[in-house]
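S.K.: give me a 3D structure for the following:
(chains A and B)
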There are 2 protein chains.
Amino acid sequence: MKPVNIGLLGLGTVGGGTAAVLQNNAAEISRRLGRNLRISAVCDLSAEKAKEICPDAAFVKNPLDLVAREDVDIVVELFGGTGIAKEAVLAALQNGKHVVTANKKLLAEYGNEIFPLAEEKNAVVQFEAAVAGGIPIIKALREGLAANNIKSIAGIINGTSNFILTEMREKGSAFADVLKEAQALGYAEADPTFDIEGHDAGHKITLMSALAFGTPVNFQACYLEGISKLDSRDIKYAEELGYRIKLLGITRKTAKGIELRVHPTLIPESRLLANVNGVMNAVRVNADMVGETLYYGAGAGALPTASAVVADIIDISRLIDADTAHRVPHLAFQPAHVEAQTILPMDEITSSYYLRVQAEDKPGTLGKIAGVLAQNNVSIEALIQKGVIDKTTAEIVILTHSTVEKNIKASIAAIEALDCVETPITMIRMESLHD
Amino acid sequence: MKPVNIGLLGLGTVGGGTAAVLQNNAAEISRRLGRNLRISAVCDLSAEKAKEICPDAAFVKNPLDLVAREDVDIVVELFGGTGIAKEAVLAALQNGKHVVTANKKLLAEYGNEIFPLAEEKNAVVQFEAAVAGGIPIIKALREGLAANNIKSIAGIINGTSNFILTEMREKGSAFADVLKEAQALGYAEADPTFDIEGHDAGHKITLMSALAFGTPVNFQACYLEGISKLDSRDIKYAEELGYRIKLLGITRKTAKGIELRVHPTLIPESRLLANVNGVMNAVRVNADMVGETLYYGAGAGALPTASAVVADIIDISRLIDADTAHRVPHLAFQPAHVEAQTILPMDEITSSYYLRVQAEDKPGTLGKIAGVLAQNNVSIEALIQKGVIDKTTAEIVILTHSTVEKNIKASIAAIEALDCVETPITMIRMESLHD
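M.R.: Okay, here's the model as predicted:
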């Protein structure tokens, strides 16, 4: 069979990695696929770089020219962002080209425009590399677990944040110090906002939520809370209580609607997810028939991400001449069955909670705090006085049982209003990872 | 589109689970697939059971009749074993029917007969449920990691053995006692040989080895060593040294050939695989581009295994009317590129080793032992006197660096020949899980 022609947009980290994987493993890929993959055209800001990395490909200056070329079967978009990347992907689909992209932001924010256009044009958009780098989690959600009602997903899906949290725990360092170290090591960007404030994880959990539950993407409804305000004291206290703090992307189907959120989370230290350290990623899926499964690997990096990009290219290449009926749908469910569903506001989600309160160290204080929680229907799993800050102030840590978030918010407001309590109270959500 | 018709062979644990998944999740599956799946015919020893579980399906007494029926598109073989199961699968393929099976023994022992027949007849055989139950590891190896040269696989792929090892470690109990407990809980068969002596894990690692490296299945060449001779003392000593003992299936591609083996293995306690407990399964894959990935979940049970069976049915249903060129090859590689490769004899594998030696507690003993190891080019990572058995006998634990197994065997023979040493020496292989 004739080779499949790839048009490559962008020769940055992942683009360079993709060219390397296609070249290094050409023989192994052809052994599996039964035909060759070749980069026929490439677009990058640097013509020199393009010539050096892809000497046999046509250099095309304008991405909109590349996506219109006769000799391109699959457009691989690795520009990133939502500017020219969006324009090029939409144009590629208009031309009936298949698209592979690692661009989580583009799909999480504009997926509801991109996927329907692809379906209209009988084109495929694949995006394994957009979530958790090299881990084949999109394939697991779309195909491997297709016999299940998926109940919930919880994932460590931002390597930068996980590296910082791992270092804070292991060395007891402050957030700001570890961030500097991560920047020096190249694990964090000069402007780290996107990673540490949960945006990146939010894009990824938004995509997984759509795949799991058969809904349009709805990034606007995703709650985002990052790690920049985490105090290393809370990491230490959590550890003393048998928990680790991880930045999790969480989505869960409930009778009331879908939970979709990113925030620091206490999880029991015995769970595998609690033991995923450094820049590694892992995604836990709970589904009704198979139960708990977990997928672990490198969430970023040139070659791991390119491994996922090229897996998508291979998938599309197998089906490139086939009838569209044979394809796996973009969002796992048939387009006619992708249904908008309520995304719960945070007040309505269910969780357990870690609270840290500084209060006057005198008789009656604990009783008053416990009373407020009881009035708000919050039941206490543990209430521990962790130590004395100064002669008159004690630090109290409370773990609650599961409750609706508005009850906790009302409790916090009422406790902060007590004379004997200093504000603000620290609140971190907890997950048992049993449902 | 019209429904896909399934002929179900066997209504045991997994067969009953498959019927339950198809019934319980019919709506969700149809949302994904775009058509319905229906059990059109069923074969089981009990006609009553068949009528009860599959009231709308034709009951067929003879499996060879079922696999010939016009109203069967996909044959789902869940008899197990290599008797009538083999006959029925071969007959189904002769009739051009697609086959889904959970039968690891059948495929590991007769795959070289079954897969070529399927290719000749343009039929598909899928077997996700044959390895690690509900974990979609076959899909990961065949598709998710298709851009990689796979370097090695190490898996906890027998839940019974992992349950026993977990209990032995947590309670310090002897193997025989825990086996009885596992039998009482239904985690071990009355005749547990197949699980505890490594046969089951051997079938599974044989299948994964073929998929990873593009070779025919070669179960005969797989080294099998179970857990029945493990002393709980070794589990305790391993733990003191920072290791856990797990029954691993291991396959690795080396310059000399392929390693293919099942045996108890010390692994560092910090690795995720060391923290997979109870009946759970996990498979670690090391591949050249993506690096390390790990897949975790339930390795057995009616519904988890059925989740994998039905995922295969869905996969085949998508492609049932498509040209064969669009399919993923059975053993991941195109049939013409599945090449026999040398499976290394155990003498030629490379590993590090844990040795426990009982020897006279007198000056010079350690020196003699260390001398023998040096003569055989075995370098020592640690040599620890663990305690005194009686007034004159001490127990010594040695951890070696990586070496070729024949060097260890020669060392053991020479140490056992020393006057000051009691026989036999206990030897357990170790894996750092870094390659």
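S.K.: tell me which element the residue in the stretch 301-435 of chain A that chain B sits nearest to is part of?
M.R.: Nearest to chain B, among the residues of the stretch 301-435 of chain A, is A:V310, at 3.4 Å (C-beta to the nearest C-beta). (Each C-beta comes from the backbone N, C-alpha and C, glycine too.) Counting by DSSP states H and E, the element that carries A:V310 is helix A:302-319.
S.K.: hey, C-alpha coordinates of that helix in CSV?
M.R.: Provided in CSV are the C-alpha atoms of helix A:302-319 (Å, rounded to 0.1, in the frame of the first residue of the first chain):
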residue,chain,number,x,y,z
ALA,A,302,8.9,15.3,23.6
LEU,A,303,9.0,11.5,23.0
PRO,A,304,6.2,10.3,25.4
THR,A,305,3.8,12.9,23.9
ALA,A,306,5.0,12.0,20.4
SER,A,307,4.3,8.3,21.2
ALA,A,308,0.6,9.3,21.6
VAL,A,309,0.6,11.5,18.5
VAL,A,310,2.0,8.7,16.4
ALA,A,311,-0.4,6.1,17.9
ASP,A,312,-3.2,8.4,16.7
ILE,A,313,-1.7,8.7,13.2
ILE,A,314,-1.5,4.9,13.1
ASP,A,315,-5.1,4.5,14.1
ILE,A,316,-6.3,6.9,11.5
SER,A,317,-4.1,5.3,8.9
ARG,A,318,-5.8,1.9,9.4
LEU,A,319,-9.2,3.5,8.7
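S.K.: end-to-end on stretch A:116-126?
M.R.: 13 Å (C-alpha to C-alpha, to the nearest Å).
S.K.: er, stretch A:278-292 I mean
M.R.: First residue to last in stretch A:278-292 (C-alpha to C-alpha) measures 23 Å.
S.K.: residue contacts, the residue of the stretch 301-435 of chain A closest to chain B?
M.R.: A:18, A:21-22, A:25, A:29, A:37, B:146-147, B:289 (C-beta atoms under 8 Å, 6 or more residues apart in numbering or on different chains).
S.K.: ok, so of those, who is nearest B:K368?
M.R.: Nearest to B:K368 among these: B:M289, at 47.6 Å, using C-beta to C-beta.
S.K.: how near is that closest one to B:S209?
M.R.: Separation of B:M289 from B:S209 (C-beta to C-beta, to the nearest Å): 20 Å.
S.K.: distance of the residue at the greatest distance from the centre of chain A relative to A:V357?
M.R.: The C-alpha centroid of chain A is most remote from A:P363, which lies 45.5 Å away (C-alpha atoms, centre = their mean). Separation of A:P363 from A:V357 (C-beta to C-beta): 16 Å.
S.K.: now do A:G198
M.R.: 25 Å.
S.K.: any idea how chain A splits into domains?
M.R.: When chain A is parsed with automatic domain parsing, its domains come out as A:4-134+A:303-336, A:137-298, A:350-430.
S.K.: got CSV for those, with mean pLDDT too?
M.R.: As requested, the domains of chain A are arranged in CSV below (pLDDT from 0 to 100):
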stretch, mean pLDDT
domain A:4-134+A:303-336, 95
domain A:137-298, 96
domain A:350-430, 93
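S.K.: wait, which of those domains is closest to B:A184?
M.R.: The nearest among the domains of chain A, by C-beta to C-beta, is domain A:137-298 at 22.5 Å.
S.K.: wait, doesn't A:Y296 sit right on B:T293?
M.R.: Yes - assessed by C-beta atoms under 8 Å, A:Y296 is found in contact with B:T293 at 6.3 Å.
S.K.: more crowded one of these two?
M.R.: Between A:Y296 and B:T293, counted using other C-beta atoms under 10 Å in any protein chain shown, the more crowded position is B:T293 (30 against 26).
S.K.: thanks again, I'm all set now.
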